[in-house]
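Engineer: below are the sequence and a predicted model for it; my questions follow.
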Amino acid sequence: MNFKFSQDQEMMRDSAKRLLADLSSYAAVHKILDSEATHDANLWKQMAEAGWLSTAIPEEYGGAGMGYLELAVLAEEMGKTLACTPFSSSIYMAAELIKAAGSESQKATYLAKLAAGDAIATVAYAEKGRIDAAGVQVKAQGRKLTGVKSPVVDGLSADLAIVSARDEEGVSLYLVNLADSKVTRESVATMDRTRKQARLSFNGVDAEPLGKAGQGAALLDAMSYKAAALFAFEQVGGAQAAMEMAVQYAKERYAFGRPIGSFQAIKHRIADMFVKVETARSSAYYAAWALESAPEKLQQAASGARVMGIDAYAFAAQENVQVHGGIGFTWEANPHLHMKRAKHLESLLGGAIVWRERLMRSLEQAA
Amino acid sequence: MNFKFSQDQEMMRDSAKRLLADLSSYAAVHKILDSEATHDANLWKQMAEAGWLSTAIPEEYGGAGMGYLELAVLAEEMGKTLACTPFSSSIYMAAELIKAAGSESQKATYLAKLAAGDAIATVAYAEKGRIDAAGVQVKAQGRKLTGVKSPVVDGLSADLAIVSARDEEGVSLYLVNLADSKVTRESVATMDRTRKQARLSFNGVDAEPLGKAGQGAALLDAMSYKAAALFAFEQVGGAQAAMEMAVQYAKERYAFGRPIGSFQAIKHRIADMFVKVETARSSAYYAAWALESAPEKLQQAASGARVMGIDAYAFAAQENVQVHGGIGFTWEANPHLHMKRAKHLESLLGGAIVWRERLMRSLEQAA
Amino acid sequence: MDFNDTPQEAEFRAEVSQWLSQNAKLRSESGGMMSMFAEAEGGELRGEAEWEMVRTSQAWQRKKADANWGVITWPKKFGGRGGNIMQQVIWGQEEAKYETPANIFMIGIGMAGPTIMTHGTNEQKDRYLQPMLRGDEVWCQLFSEPGAGSDLAGLRTRAVKDGDDWVINGQKVWTSGAHYSKWGILVTRHDPSLPKHKGLTYFIVDMESPGVEVRPIRQITGGANFNEVFFNDVRIPDSNRLGAVGQGWAVSITTLMNERMSIGGGGGLFGGDNGLGSIVALLRETTLDGRPALEHDAVRQKMAEFAARFKALELTGYRTLSALSQGAMPGSESSVMKLAMGLLIQEMAAFIMELQGAAGVLTDRQDTLMEAMWQQAYLGIPAIRIAGGTDEVQRNIIGERILGLPTDIRIDKTVPFNEVPTGPSKKG
Amino acid sequence: MDFNDTPQEAEFRAEVSQWLSQNAKLRSESGGMMSMFAEAEGGELRGEAEWEMVRTSQAWQRKKADANWGVITWPKKFGGRGGNIMQQVIWGQEEAKYETPANIFMIGIGMAGPTIMTHGTNEQKDRYLQPMLRGDEVWCQLFSEPGAGSDLAGLRTRAVKDGDDWVINGQKVWTSGAHYSKWGILVTRHDPSLPKHKGLTYFIVDMESPGVEVRPIRQITGGANFNEVFFNDVRIPDSNRLGAVGQGWAVSITTLMNERMSIGGGGGLFGGDNGLGSIVALLRETTLDGRPALEHDAVRQKMAEFAARFKALELTGYRTLSALSQGAMPGSESSVMKLAMGLLIQEMAAFIMELQGAAGVLTDRQDTLMEAMWQQAYLGIPAIRIAGGTDEVQRNIIGERILGLPTDIRIDKTVPFNEVPTGPSKKG
C-alpha cells in the first residue's frame, strides 16, 4: 500500500504551484472579481501552454495521455489559488463526456482543440437550477434545440456546449456551437463572480448528437462521479488555503495584548478545520485512486469525497471569515473569495443531500 | 403578555424545591441507582402527601383541580433533581388518558386512587421498542389480552396499566390490573437504572376497555402531546442541573494553575449549554401555556418543546461529563445520572425524528 | 403565563393601530419577510437614492414625533411618550405591518440618546435630544477601530487637549450611516500611558467638522452599509465631551448596554406563529432529486429543526421582555439571541441554497427561491456574527457575566496601554 | 497511489495468514464488529473469569513470541522481528480475522518497552524486555492523578530518596490492568520547589511491593476497566529509576509519543470497504414512524454522512501509515483520529439509539439492535473522549504542534510547583 502521490506527480505539483503563484495570486483573483471578464485569459493561455489541459486526454487525440492522478494534483493547486478559468468545465466535464460518448470523429475533432486550449467547452445540464433528468425541458427536434439552460458555468466564454435535451428517446446529449446566432447568452448574477455563469437560450439552433440517444442522463451521471472526484481536490485545496489564511491571521492579529490564535475559541476552531481538511483530503485521494485504478469503487469513493469536500470547504471558508472579524466581511479582503467559491463548487453537480443519497445507494449495493 | 409563572406558582416551586432538596439529593438518586428498588418509595409517599399527584386532577375525582402550569412547575423541579418516582407514568400519561377517555365510573374509580398515590399506573404502548400504532401486536379478544409489551417504564411498580391492543376495531386501549396472575413482569436492563423498565407479558388477562374501541392510537397520540409538554420541563430542569454542575466544577477544578472555566474551550461549551437550556425553556413555557390555555396551538408548541428539550438535555448532560474529565465517566460521580436520564426521557414517546415530523405537519397545516 | 394582551395592552395596541392605519399603508403579504437583509441589499445605494431614503425616513420620524409616537420609552420631559417597554414592543409589532421606511435612528435614539440622558450636561440634553427624537439629526457610532474590534478598549484614536478644544487624530471603522449623520459618538484615548481602560474619553463629534473624512467599505454582499472614518486634526470643543476625562470606558458601557436593549425580540421574521409558513409553501414547488423537496424527509426534518429553533428564539425574546417589563434590568440575555440567531440563519441559508441545486450559488432573482433572499442572507450573516460583538465575545459574556465563570488571564489590563503587545513585528 | 499490497507486503501477508490459520480459529461473521467496546462490556469481569482472560492472553502472546511474531517492529536484538510498521499493520489486519484474546500488552509492548529501549540502562533492557515480549509480565501505566489529568505535569505523587531506595507516597488513577500487572511505569515528583516540569522523576515499580494498593473504579458503563492505585511508603530501588533524576518529563514524552504510534489505523471497525454494511442491513428491518428506517430519507442521509466520515478516518489512518512507513516521524496526526473518531461514534450511537424508539435507552440484548452494542458504545465514548488526552487537549495539540498557533498564556511553567494555584480554597 502506498497512499501518496508519486515523486513525478509531486514534481508536477511544484511546477503548478510556481505557475499559479505567479499568475493566480489573490490580487489576480480580485481583478477578475471586479471585472466583467469571463475568466483569466492569460492564466488560461499559460495553462494551455504548460500542457495542463491535455493531461488526461489520450495521445491519439492530441493529449498527454497521463492519468487522473495528475489531473487531481492540478485540481488541488487550482483550488488552493482559486484559479479563475474554465478548466473544470472544459476538461473534467466536457472532455470527459466526449471521451466517454464521442464518436471517433468527434473525439478527433474536439479533444485536440480542448487539449490545446483552442476551444473552451462546457456542459449545460441545469434548468432553473434543477439538475435531475426529469427537469430537462429543452427540446431537440430534428437536431435542432429549443429552450433555456440556466445556470451554465463558463457559458459566457465557452465556444462549445454539451447540452442535455429531451427528444423521442428521452434525454440525450447534443453538441452546440455557441457562436451560432440562434444561441443567446446572458450573464446570470452569481455569488462567486470569479466563476461567471450564464443563461443560454437555444432558438432552434443546430445540434450534433453526442452518444446514443436516450443515454443523456446516464452519461451525465457517469461523468458526474469523475468530476466529483476532481472537484473534491479543488475543494480540499480551497479548504486548505482558507485554513492557512486563518492560521496566518491568528498568529499576526493581536487582541487583549496577545495573538488571537492563543485563544482556544480561535485555536480550536482552526483545529476543527484541520480535522475536516485532512479527512476530506484522505477521501479525495481515495476517489482519485478509484478513478484511476478501481472504477468499481468510484461511486462510493467519489460520493464520499464530495460529501467530505463540500463540508470541509464550506466550514473552513466560513470560519476563516469569522476568524478575520470585521475585515473578514469586506470585499477587499480575501476570505470571502473562498466562502463564495465553496458555494460555487457545491452548487455544481448537486449538493451534499444528493451525494449522500448516492453514497447510501452504493452502500446498500455493497451490503 | 406575561411570559412567566405566577407568584403562586413560584411559591409552589419553592416548596417543591425544599421537599426535593431533602429527599432527592444526588446521594438519594445514587441509592436507587444501586438498588433493585423500582422507585424511591419514600419520596413517592411524600409527594403524594404534599398533594403533588392530585395537582391537575379535577376536584370531583379527588384532585386539587389546579392546572397544567402547576404540573409544569413540579416537572421542572423533578427533572432537576432526577426524582426517581413513577410520577410521569402515573400522572402525565395514565391519569391524562383516563381523564380524556374514561367513563364516569372509570374516572371515579381510578383518578382518586392515582391522585392519592394509592395506586400507581403506567401506559404500556411500546412493543420491542416500537411506538407506532402499526407495531401493536398485543391481541384483545373478548376483553382478554395476550402478548408482550416492552419496554414499559414503571411496569415493575405499577398496579395498573393502560395497554394498547389490537381488536376488531383496530387499536384500542385497555385497563389491566398488573397484580393479576395472568400478567408476567420481567425487569429489562436499561441505561438509566434510576427509572426501571419492564417487559410485561399478558397471558389472556382480563382487561377493561378504556375509551371507544378503535380509538387507541388517537387517544395515545393526543396524550403524547400533553405528556411531551410536561416532559419538556423535566428535560429543561435536568439540562439546567447538568449545566450548573458543569459551572460549579469549572470554577473549582484547577489545571495549569487556573480554574478550567477560565479556558474558552470549557467556558464557551458551557455558554452553548446556556443557549440551549434557555431556548428550550422558552419552548417549554410556550407548550405549557398552550396546554393550559390554547389547545389549538398544542401540537406545534409541544412538538417544538420536545425537539428543543431533547437536544438541550442531551447536550448539557453529555458535555457536563466531558467538562468533568476522568471523574465524569465514573459511576460514583453524578454527571452520568443526567446523561442517562436524558436518554431515558428521549426514549419515551419517540425521539426527535418523530417529533420533528410532527412539527412539520403542524407547520404545513398552518401554511 | 399569558400570551395575550392585557386589557391595557390591547387598548394601547388599538390606539397604535388606529394611528398607523391613518398615517401609513399596510404591507403586502410577501413584503415583510426577512427585512433584516433588505438593508444588506439596499446597501448598494449610495448617492441620490440613498439621500432620498434618508429624507423619507426623517419625514416619517418627524410625523411620529408630532403625534407623540417618536420614542415610546423616553421620559416625557425629553419628548418621549413615557411608555413602558411592552408598549414599545407593541408599537414595533404594529408598525411592522405597515410600509414604513428604514429606521436610521437606532444609534441616536437607542444608544446616543440614553447615554446623553445618563452622562450628559443639561446643555447637552437640551441641544441634542429634541432634534434626535424628531429625526432632524442622524447619529452614528465611532467606537471600533481597525486594531480594536472585539478588544474595544484597545482603541488608539488620540485626543489631545489644546486650549478649549480637543484635537482628534485616528481612524474608526464599521460606522453605519456615517455619511449621512450629523453627529457621532466617539471614544478616544487621551492618555496612552495609563492602563487601557483608564485612558479613554468620550465625545460628541460634529461629522461636518473639517478633517473628518468618510469612506465607504464595500462588504461581501456587494453593498456598503459601513464606513471608515478618518480624523485628521479634527477639533472638538470641550463642551462636547460626554462624561469626565478618563471616564470614556464607563460612558461607553452605558451606550453598549442600551445597544443590547434595542436588539429586542427577534419575532416576526417569519410572521410570528405562522412559523416558516411561506418557505414551506415554496418548498412544495421546489424539486430535489426529482421529487418535491417537501416530500423529502431530510428536508422536512431540517425545516422542522429550524422552525423549532426559530420559534424558541422568538419566545426567548418574549420571556426577556416579560422580565424587563416587570422591572428587571437589561442583562446579557441579548447575547443568547444574537449568538443563536446568527448561527441559525447561516445554517438555514446554507441549507436552502443547497436545495436550489445549481442555482444555489446564484444571486439572480429569476432562477432562485424568494428572489435570492437566502443567498443574500448567507452573505449578510458574517457581518451579523461579527459586528456588535462576535460570537466569541457573546460566549464570553454568557460564560462570565451570566454564569459567573472565571475570566481569562489578562495581561493587558494593568500595564500602561503603550506597553501592551500589539503584534509580532511592532512593540507597544 | 496504490491501495493494494506491494509484492513484498503480499508475501508477508501470506506468511502471517498461514501461521494464523494454523494457530487460531477464524472469527464468525458478526464477531469482529466494534471490538473497541467489547472491552467496556467485559469490564464487568473481576475475579476468576478475568484471571482466566489474562492467562489466555498471556498464552497467546507466548505462542506468538515463540514463532517470532511477538512484536513485529521491535529490533531483533530485543527479541522482535525487526519488521516495519506496514508489516505490523498487516499483522493486525490478519489477526483481527481470528478469534484471539484481548490484548493486555499495549502498555508494556507499545509504551514501556520503547521507553526502556530509549532511556533504560543495559541491565534494565536485559531484565524487562524479554518477559514483556513473551507476555510473562504485564505492565501498567501510572501517570494520571486525581488532580492531574489534562495537566499531566501537575502530578503530586512524591518520591523521596532514602539510602539506595526511593520512598513513594501518593495516588494514581485511571490505571488499566493495575490489578493483574507485575510492573508499572510511574512518574513522580522528587522536588516540589522546582518548576513543575523540572521536578519529575520516572520509575519502574513492582506492583507487588508492600504499600501498593489497587482499587477498581466503576465506570458509567457498569464495567471496571480502570483502577486507582495508592502508594503508601512504597520503596523502589534506585536501580529502577528510568532516566536521570529530574528527567521524568522527557522520559514521559517518549512514552506518550509511543502511545500515539499505537493508536493506529482505526480501520476495520465496520469491516473495511463494506462500510456500514451490517448496520444498513439491520436498518432494513427496523421500523421508524411506521416505515422501514432505511426508507426514511433522513436516516439515509445520516447513515451516509456517518459512512463518509468513518471511511475518511480509516483512509486518514492509511495515509499516516504510508508516511510513517516511508520514514516520517510519528507526529500529532493521531490527534485527528482520536478526536474525530470519538465524536463520530458518539453521534452515531446517539442516532442509532434514537432509531430504536422506546428501546433506545435499553441495555437489554433482546429488544435492542445488535444486542445493545450502540448503547454500550454511547456509554463507553465519554471515556474515549477523555482518557489519553481529552478532545480539548487534542485540539490544542493540533493547533499548536501541527499548525504552529501560539500557546495559551501559561502562569504555571516557571514558578516553583508548590506556588502554582490549585483551587479556590487551597494554596500551593
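Structural biologist: Now that the structure is in, tell me what you want to look at. Residues are numbered from 1 along each chain as shown, chains lettered A, B, ... in the order given.
Engineer: for the helix or strand harbouring A:Thr279, packing partners?
Structural biologist: Element membership for A:Thr279 (DSSP states H and E) is helix A:264-293. Applying 3 or more CB pairs under 8 Å, 6 or more residues apart in numbering or on different chains; DSSP states H and E, one finds that helix A:264-293 contacts helix A:68-81, helix A:216-252, helix A:298-323, helix B:264-293, helix C:391-397, helix D:297-325, helix D:333-354, helix D:391-397. From N, CA and C alone the C-beta is placed, and that goes for glycine too.
Engineer: export the ones you listed to JSON lines and tack on mean neighbour count and mean pLDDT?
Structural biologist: Below are the helices and strands packed on helix A:264-293 laid out as JSON lines (neighbours: other CB atoms under 10 Å in any protein chain shown; pLDDT from 0 to 100):
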{"stretch": "helix A:68-81", "mean neighbour count": "25", "mean pLDDT": "98"}
{"stretch": "helix A:216-252", "mean neighbour count": "25", "mean pLDDT": "98"}
{"stretch": "helix A:298-323", "mean neighbour count": "28", "mean pLDDT": "98"}
{"stretch": "helix B:264-293", "mean neighbour count": "26", "mean pLDDT": "97"}
{"stretch": "helix C:391-397", "mean neighbour count": "22", "mean pLDDT": "96"}
{"stretch": "helix D:297-325", "mean neighbour count": "23", "mean pLDDT": "91"}
{"stretch": "helix D:333-354", "mean neighbour count": "22", "mean pLDDT": "93"}
{"stretch": "helix D:391-397", "mean neighbour count": "22", "mean pLDDT": "96"}
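Engineer: low-confidence bits of chain C, can you list those?
Structural biologist: For chain C, the stretches flagged by pLDDT under 70 are C:29-45, C:260-276, C:330, C:425-428.
Engineer: ok, 50 please
Structural biologist: Residues of chain C that meet the criterion pLDDT under 50 lie in C:30-36, C:38-43, C:263-275, C:426-428.
Engineer: show me where it has its helices.
Structural biologist: All helices of chain C, identified by DSSP state H, fall at C:7-23, C:35-42, C:48-66, C:85-95, C:113-119, C:122-133, C:248-263, C:277-284, C:297-325, C:333-354, C:373-386, C:391-397.
Engineer: would you mind giving these as TSV with distance to chain A added?
Structural biologist: Output for the helices of chain C, formatted as TSV (distance: least, CB to the nearest CB, whole Å):
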stretch	distance to chain A
helix C:7-23	35
helix C:35-42	10
helix C:48-66	18
helix C:85-95	27
helix C:113-119	23
helix C:122-133	27
helix C:248-263	14
helix C:277-284	13
helix C:297-325	6
helix C:333-354	4
helix C:373-386	4
helix C:391-397	4
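Engineer: out of the ones you listed, which gets nearest to chain D?
Structural biologist: helix C:297-325 (3.9 Å; CB to the nearest CB).
Engineer: need the contact list for the residue of the stretch 101-250 of chain A found nearest chain B.
Structural biologist: Residue nearest to chain B within the stretch 101-250 of chain A: A:Ala250 (13.3 Å; CB to the nearest CB). Going by CB atoms under 8 Å, 6 or more residues apart in numbering or on different chains, A:Ala250 touches A:259-261, A:266-267, A:270, A:323, D:405.
Engineer: now with 6 Å?
Structural biologist: A:260-261, A:266, A:323, D:405 (CB atoms under 6 Å, 6 or more residues apart in numbering or on different chains).
Engineer: chain B: which of the residues you listed is nearest?
Structural biologist: A:Ile266 (8.5 Å).
Engineer: surely that closest one meets A:Pro259?
Structural biologist: No. If you go by CB atoms under 6 Å, A:Ile266 and A:Pro259 don't touch, sitting 8.9 Å apart.
Engineer: identify the contacts common to the two.
Structural biologist: Going by CB under 6 Å, 6+ apart, no residue sits against A:Ile266 while also sitting against A:Pro259.
Engineer: any idea how far C:Pro135 lies from chain B?
Structural biologist: Check again: residue C:135 is Gly, not Pro. 29 Å (CB to the nearest CB, to the nearest Å).
Engineer: give me the number of residues near that residue?
Structural biologist: Neighbours of C:Gly135 under the rule other CB atoms under 10 Å in any protein chain shown: 24.
Engineer: in space, what's closest to it - neighbours in sequence excluded?
Structural biologist: C:Gln61 (2.9 Å; CB to CB, 6 or more residues apart in numbering or on different chains).
Engineer: next, count neighbours for the one you found.
Structural biologist: 26.
Engineer: how about C:Lys77?
Structural biologist: So C:Lys77, with other CB under 10 Å, has 10 neighbours.
Engineer: coming back round to it: now the helix holding A:Thr279 and helix A:68-81, what's the angle there?
Structural biologist: 150 degrees (axes from the mean of the first three to the mean of the last three CA atoms, to 10 degrees).
Engineer: how does the chain divide into domains?
Structural biologist: Unless you meant another one, I'm taking chain A. A:7-116, A:121-214, A:217-366 (automatic domain parsing).
Engineer: my bad, chain C
Structural biologist: C:7-133, C:139-254, C:259-402.
Engineer: would a markdown table of the ones you listed with distance to A:Asp180 be doable?
Structural biologist: A markdown table is the format used below for those (distance: least, CB to CB, whole Å):
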| stretch | distance to A:Asp180 |
| --- | --- |
| domain C:7-133 | 35 |
| domain C:139-254 | 33 |
| domain C:259-402 | 23 |
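Engineer: which one, of the ones you listed, ends up nearest to D:Gln18?
Structural biologist: Closest to D:Gln18 of the domains of chain C, according to CB to CB: domain C:259-402, at 48.1 Å.
Engineer: please look at C:Pro192 and C:Phe417 and confirm they touch.
Structural biologist: Yes. Between C:Pro192 and C:Phe417 there is a contact under CB under 6 Å: 4.8 Å.
Engineer: between the two, tell me which one has more neighbours.
Structural biologist: C:Phe417 (24 against 15).
Engineer: thought that one was touching C:Ser193?
Structural biologist: No. Judged on CB under 6 Å, C:Phe417 makes no contact with C:Ser193 at a distance of 7.2 Å.
Engineer: who is C:Pro416 paired with across the strands?
Structural biologist: Here C:Pro416 sits in beta bridges with C:Pro195, going by DSSP bridges.
Engineer: how long is stretch A:185-193 end to end?
Structural biologist: 17 Å (CA to CA, to the nearest Å).
Engineer: gap between it and the chain center?
Structural biologist: Offset of stretch A:185-193 from its chain centre (CA atoms, centre = their mean, to the nearest Å): 16 Å.
Engineer: any buried residues in that stretch, and which?
Structural biologist: For stretch A:185-193, burial by neighbour count (16 or more other CB atoms under 10 Å in any protein chain shown) applies to A:185, A:188-193.
Engineer: am I right that C:Leu379 is in contact with C:Gln219?
Structural biologist: No. Counting by CB under 6 Å, C:Leu379 does not reach C:Gln219; the two are 7.9 Å apart.
Engineer: for the closest residue to C:Tyr98 other than its chain neighbours, give its distance to C:Thr73.
Structural biologist: Distances taken as CB to CB, 6+ apart place C:Ala24 nearest to C:Tyr98, at 3.9 Å, with adjacent residues excluded. Applying CB to CB, to the nearest Å, the value for C:Ala24 to C:Thr73 is 21 Å.
Engineer: can you check C:Gly110 too?
Structural biologist: Applying CB to CB, the value for C:Gly110 to C:Thr73 is 10 Å.
Engineer: enumerate the residues of chain A near chain B.
Structural biologist: Neighbours of chain B within chain A, by CB under 6 Å from any CB of the partner chain: A:263-265, A:268.
Engineer: relative to its centre, which residue of the chain is most distant?
Structural biologist: All of this is about chain A. What lies farthest from the middle of chain A is A:Gly257; by CA atoms, centre = their mean that is 42.2 Å.
Engineer: wait, I meant chain C there
Structural biologist: For chain C, the residue at maximal distance from the C-alpha centroid (CA atoms, centre = their mean) is C:Gly290, at 41.7 Å.
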